[in-house]
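Student: pasting a predicted model and its sequence here:
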Amino acid sequence: MSLCPFWGGVDPSTGEVMDRHYPLAGQRLGGAVLVLPSGRGSCSGSGVLLELILSGNAPAALVFSELEEILT
């Protein structure tokens, strides 16, 4: 598991992972179930998640193994 950087790492209009260092680089998150230890970054990640939802490109579910307060 690695951390998904929503802010700056995911295109909110397409759901494509743009962070080339992330294992899912080049793939789209729409409809996926992401299993992550926690989020990464500031509260702007939740804004990207909202944009993904509004564009219809959001993951189907986010599962965290650690307490997550920003993305949830």
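Tutor: Cool, the structure landed.

Student: contacts and neighbour counts: CA atoms only from here.
Tutor: Will do.

Student: just the buried residues of the helix with the most length in the chain, please?
Tutor: Ranked by residue count and defined by DSSP state H, the top helix of the chain is helix 44-55. For helix 44-55, a neighbour-count test (16 or more other C-alpha atoms under 10 Å) marks 45, 46, 47, 48, 49, 50, 51, 52, 53 as buried.

Student: who does it touch, helix- and strand-wise?
Tutor: Counting by 3 or more C-alpha pairs under 8 Å, 6 or more residues apart in numbering; DSSP states H and E, the packing neighbours recorded for helix 44-55 are helix 6-9.

Student: any regions of this protein where pLDDT drops low?
Tutor: Regions of the chain meeting the criterion pLDDT under 70 cover residues 1-5, 40-42.

Student: show me the strands in it, by range?
Tutor: 33-36, 61-64 (DSSP state E).

Student: dump these into TSV; add distance to residue 13 and mean neighbour count as well.
Tutor: Converted to TSV, the strands of the chain look like this (distance: least, C-alpha to C-alpha, whole Å; neighbours: other C-alpha atoms under 10 Å):
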stretch	distance to residue 13	mean neighbour count
strand 33-36	18	15
strand 61-64	18	13
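
Student: before I go, just wanted to say thanks for your time.
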